[in-house]
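1. Here is my input, please return the structure:
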Amino acid sequence: MSGKNKSVSMVILSYNSREDLEECIPSLISQSYADFEIIVVDNASTDGSEEFIRANYPEIKVVQTGKNLGYPAGNNAGFEVAEGEYIVVVNPDTVADPEWLAELIKPLKSDSTITATTSKILIYYQKDRINTCANTNHHTGLTFCRGLNKPASEFNNCQEVGAVSGCSFAIRSDMLKDLNGFDPDFFLYQEDADLSWRIRFAGGRIMYVPESVIYHKFKLSIAPWKEFYLERNRYLILLKNFDSKTLLLLFPSLVVTEIVTTSHAVLNGPKYVMSKLLAYFWIIKNNKSILAKRRETLSKKRISDHEFFEFLDWKIPFEQVIENPTMNRTADFVFNSFYAFHMKLVRRIV
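-> This is a model prediction of the structure:
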């Protein structure tokens with residue numbers, strides 16, 4: 001780790017993550033691939049995270065933001081001081097396999113057309129189970145874990161995918177710079193999906209690398225405040241990235257997804273309904289800044305919406321959001337049957 005001009009800059013965003021960092025950092029330092037620097041961005045933690053790192057790991061760069069900037073802007077602060085040719089984003093609540101980094105970087109080094117790579121992320125508490133093997137993007141802006149809770153032995157093919165997982169991915173620093181990093185307006189959740197959409201629209205390719213294994217302290221839950229960010233940021237992704245014609249073609253699916261997400265909010269109680277409503281209000285209130293972002297994003301598009309649709313998914317894995325097996329099967333039959341039909345139609349026209 002010593003010396004300058006490392007090929008890889010690992011960026012870890014920390015917010016009161018001292019306990020996790022005590023396990024995460026040693027697993028990063030002991031990687032078989034040694035040509036890297038570590039940058040920890042501290043979002044004004046109150047648990048002594050910054051002091052712990054400075055005292056125990058003086059070779060690690062620490063960026064203190066002074067306040068909680070959220071996930072996207074916090075990581076962007078790390079990108080600004082990163083010197084590596086490749087930027088690796090990794091969550092603090094992870095423990096990496098010794099070959100994790102070497103395998104994650106390998107495709108970028110061997111193929112100049114690959115822009116980003118993402119890991120096989122397993123559940124820390126159930127190491128034989130998958131957290132996600134690259135995220136899946138639904139055509140209505142929803143994002144899901146690919147392979148959630150399936151055996152770790154599955155998803156063993158290195159393949160091109162539609163999106164990275166923000167938990168563990170690598171990207172070429174020049175592309176990240178061209179895209180201006182994460183969009184800080186997202187604050188929490190879906191910022192990795194938005195970045196993935198922009199990578200692909202800029203002509204970049206994303207690869208899932210199953211040999212790059214990392215363990216994530218993951219628990220599936222959707223609190224009311226999380227519902228707000230998931231819905232608001234879903235609308236942001238759609239409004240920023242798709243042409244007007246595509247949004248019009250997708251309108252039937254978008255309406256159906258409003259039924260799905262509103263039903264989810266109603267079934268979970270008034271706080272969730274309020275979060276859903278607040279997401280609408282935020283979009284309306286910030287329509288001018290969204291239009292400005294839209295103009296910028298559309299100006300950087302290098303592939304058509306038709307080409308982009310290749311890695312969009314029509315199926316919602318209802319088992320990730322509905323616990324009741326009967327309701328799960330019913331929702332799967334009713335809604336996914338419609339999505340499959342409509343997606344097939346849209347792909348022919350878009």
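
2. Flag the shaky bits of the chain, pLDDT-wise.
-> Low-confidence segments of the chain, defined by pLDDT under 70, are located at 1-4.

3. now the helices: where do they sit in it?
-> In the chain, helices defined by DSSP state H lie at 18-29, 49-56, 71-81, 100-110, 173-178, 191-201, 224-241, 244-249, 251-268, 270-285, 287-299, 305-308, 325-349, listed in chain order.

4. can you pull the buried residues of stretch 175-195?
-> For stretch 175-195, a neighbour-count test (16 or more other CB atoms under 10 Å) marks 175-176, 179, 181-187, 189-195 as buried. Where C-beta positions appear, they are placed from N, C-alpha and C, glycine not excepted.

5. Let's see the distance spanning that stretch from one end to the other.
-> The first and final residues of stretch 175-195 sit 11 Å from each other (CA to CA, to the nearest Å).

6. now do stretch 177-190
-> Length of stretch 177-190, first residue to last, CA to CA: 19 Å.

7. can you list contacts of it?
-> The set of residues external to stretch 177-190 that reach it, using CB atoms under 8 Å, 6 or more residues apart in numbering, is 69-73, 75-76, 79, 141, 143, 191, 194-195, 198-199, 202, 226, 229-230, 233-234, 236-237, 240, 286, 289, 293, 300.

8. quick one, what contacts Arg302?
-> Arg302 neighbours (CB under 8 Å, 6+ apart): 201-203.

9. Against Arg205, how distant is it?
-> For Arg302, the distance to Arg205 equals 12 Å [CB to CB, to the nearest Å].

10. can you check Ile12 too?
-> Between Ile12 and Arg205 the distance is 25 Å, computed by CB to CB.

11. So which of these two has more stuff around it?
-> With neighbours defined as other CB atoms under 10 Å, Ile12 and Arg205 compare such that Ile12 has more, 26 against 16.

12. quick revisit: who wins for neighbours among the contacts of Arg302?
-> The residue in these with the most neighbours, by other CB under 10 Å, is Phe201 (22 neighbours).

13. Was I right to think that residue contacts Ser299?
-> No. Phe201 sits out of contact with Ser299 when judged by CB atoms under 8 Å, with a separation of 10.6 Å.

14. that older thread, and the contacts of stretch 177-190, which of them are buried?
-> With neighbours counted by 16+ other CB under 10 Å, the contacts of stretch 177-190 contain buried members at 69-73, 75-76, 79, 141, 143, 191, 194-195, 198-199, 202, 229-230, 233-234, 236-237, 240, 293.

15. Not counting its neighbours along the chain, what's nearest Val63?
-> Val41 (4.6 Å; CB to CB, 6 or more residues apart in numbering).

16. Quick check: the one you found vs Ala116, distance?
-> 20 Å.

17. who's more crowded, the two?
-> Neighbour count, other CB under 10 Å: between Val41 and Ala116, Ala116 has more, with 27 against 24.

18. So Asn328 versus Phe281, what's the distance?
-> 31 Å.

19. re the thing from before, do I have it right that the residue nearest to Val63 meets Ser17?
-> No. In this structure, Val41 sits apart from Ser17 without contact. The criterion is CB under 8 Å, and the distance is 10.7 Å.

20. quick one on the thing from earlier: which among the contacts of Arg302 gets closest to Leu21?
-> Ala202 (32.7 Å; CB to CB).

21. Now for the closest one: which residues touch it?
-> The contact partners of Ala202, taken as CB under 8 Å, 6+ apart, are 115, 175, 178-179, 300-302.

22. Over to Val40?
-> With contacts taken as CB under 8 Å, 6+ apart, Val40 has the following neighbours: 12-14, 21, 49-50, 53, 60-63, 78.

23. Would you state the strands of the stretch 51-200 of the chain in chain order?
-> For the stretch 51-200 of the chain, strands defined by DSSP state E, counting those that start in this stretch occupy the ranges 61-64, 86-90, 94-96, 114-123, 126-133, 135-138, 143-145, 159-161, 168-172.

24. list the buried ones in the fourth one?
-> So the one you mean is strand 114-123. For strand 114-123, the buried set under the neighbour-count rule, 16+ other CB under 10 Å, comprises 114-123.

25. Dump those to CSV, plus distance to Phe36.
-> Shown next, in CSV, are these (distance: CB to CB, whole Å):
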residue, distance to Phe36
Ile114, 19
Thr115, 19
Ala116, 17
Thr117, 15
Thr118, 17
Ser119, 15
Lys120, 20
Ile121, 19
Leu122, 22
Ile123, 25
